[in-house]
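Student: Here is my input, please return the structure:
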Amino acid sequence: MLNQTVLKEFFLSGLSDLPAIQFPLFFSILLIYLLTLFWNLLIVALIITNSHLHVPMYFFLGNLASLDFFYSSVTVPRMLFDLHTGSRKITKSACMTQVFFFLFFAASETFLLSVMSYDRYMAICQPLHYIKIMSCNVCVRLMSFVWCLSLIYSLVQTFYASKLTFCGSSHIIESFFCDLPQVLQNSCSDISINILLIFILRSFLGGGSQTLTFLSYVYIFRTILKIKVTGTRSKVFSTCTPHLLVVVLYQGFAFFNYFQLKFSHHFTGNKGVSIFYTVILPFLNPLIYSLRNQDIRAAFRDVVWKIIPNAR
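Tutor: Alright, predicted model coming up:
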């Protein structure tokens, strides 16, 4: 190791080395990214401007849309730049910065989804106490807790990753962005503490948030099954379906990426999975929440009617 050059920059392997598909990839991802920004900004704008949406459920949904906006912006612009220019070089400091923000927004989304499941539990299982318990101050405190916990998580992970040494023989990161598992795979120093941190923090923090989500939905389903009116039961269940779908998609792919690890090769990232949860999922989230949500659709119609009166 003493004769090896210590690296200050890396090369991202990118999505593909085939020149024929570089432009189609660039155009497709750019289109999805622009639509992602548009839909998430639209949801945030509708929630802010429509007084009927000033309730805890949409407060958290607005925060989720904001997270998806920034979450996709951590990785996609860099990916588009590499596809357009063919330059995949990234400095160590820029790489660590990307790791920090990606972990921060990813952790924030994980914790927020758990908070949203608790909010649905309170609304369905404790409707008489919902307004009192889920007050504005409580919602702000819950979001502050989400941000603080995510900040601590990302700081700890990034700090220990930045202390690693990267040698000349390990300069290519097998991904299109600096994802922590692939960065650790390239280190020529001992990464046992980093692996331990991933499992401990994700087991306690991630496991705790998943347990809260699971228990919330256990009680929600029990309450729904006790409802004897079929129409009411379907209406109540429909308010949970979008959130439950997002949780399953997000947690499922995150679990696959971080826990299905081959220890003989440390971390072997899957670009297809990474594309899904960095590009596709932030695009799907606003669609999942808005297409079946009558309040969001009504707020959107109101905006259209104000802009185009003849559209009524």
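
Student: Pull the CA coordinates from the host helix or strand of Phe11 and hand them back as PDB.
Tutor: According to DSSP states H and E, Phe11 maps onto strand 9-12. Output of strand 9-12 as PDB, limited to C-alpha atoms (Å, rounded to 0.1, in the frame of the first residue of the first chain):
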ATOM      1  CA  GLU A   9     -10.500  11.800  -7.700                       C
ATOM      2  CA  PHE A  10     -12.600   8.900  -9.100                       C
ATOM      3  CA  PHE A  11     -14.200   7.800 -12.300                       C
ATOM      4  CA  LEU A  12     -17.800   6.900 -12.400                       C
END
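
Student: Going forward, count from 14.
Tutor: Shifting the count to begin at 14 puts that one at strand 22-25.

Student: Next, the buried residues of it.
Tutor: Across strand 22-25, burial judged by 16 or more other Cβ atoms under 10 Å covers 23, 25. Yep, even glycine has a C-beta here, placed from its N, CA and C like the rest.

Student: can you check stretch 149-167 too?
Tutor: Within stretch 149-167, the residues that count as buried by 16+ other Cβ under 10 Å are 152, 155-156, 159-160, 162-163, 166-167.

Student: so which two of the residues you listed are the farthest from each other?
Tutor: The span of these, defined through Cβ to Cβ, is set by Cys152 and Ser167 at 22.8 Å.

Student: Okay, helices next: where are they in the stretch 64-213 of the chain?
Tutor: Under the criterion DSSP state H, counting those that start in this stretch, helices of the stretch 64-213 of the chain are mapped to 69-98, 105-138, 140-146, 149-175, 193-198, 205-214.

Student: what residue lies at the spatial centre of the protein?
Tutor: The chain has Ala119 as the residue nearest its centroid, 4.3 Å off, counting by Cα atoms, centre = their mean.

Student: Neighbours of Gly99, how many?
Tutor: By the measure other Cβ atoms under 10 Å, the count of residues near Gly99 is 11.

Student: what about the stretch 14-163 of the chain, any weak spots by pLDDT?
Tutor: Along the stretch 14-163 of the chain, segments meeting pLDDT under 70 span 14-20.

Student: Mind doing that once more with 90?
Tutor: Flagging of the stretch 14-163 of the chain using pLDDT under 90 yields the residue ranges 14-38, 63-66, 94-106, 123, 136-142, 144-145.

Student: picking that back up, can you add distance to Phe24 and give the buried residues of stretch 149-167 back as a markdown table?
Tutor: Below are the buried residues of stretch 149-167 laid out as a markdown table (distance: Cβ to Cβ, whole Å):
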| residue | distance to Phe24 |
| --- | --- |
| Cys152 | 44 |
| Leu155 | 41 |
| Met156 | 38 |
| Val159 | 35 |
| Trp160 | 33 |
| Leu162 | 33 |
| Ser163 | 29 |
| Tyr166 | 28 |
| Ser167 | 24 |
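
Student: circling back to that earlier point, mind checking the helices of the stretch 64-213 of the chain for the one nearest to Val316?
Tutor: By Cβ to Cβ (comparing all of the helices of the stretch 64-213 of the chain), the closest turns out to be helix 69-98, at 15.0 Å.

Student: Now for the closest residue to Arg91 other than its chain neighbours: which residues touch it?
Tutor: Distances taken as Cβ to Cβ, 6 or more residues apart in numbering put Phe190 closest to Arg91, at 6.0 Å, once the chain neighbours are dropped. By Cβ atoms under 8 Å, 6 or more residues apart in numbering, the contact set of Phe190 is 25, 87-88, 91-92, 111, 115, 287, 291.
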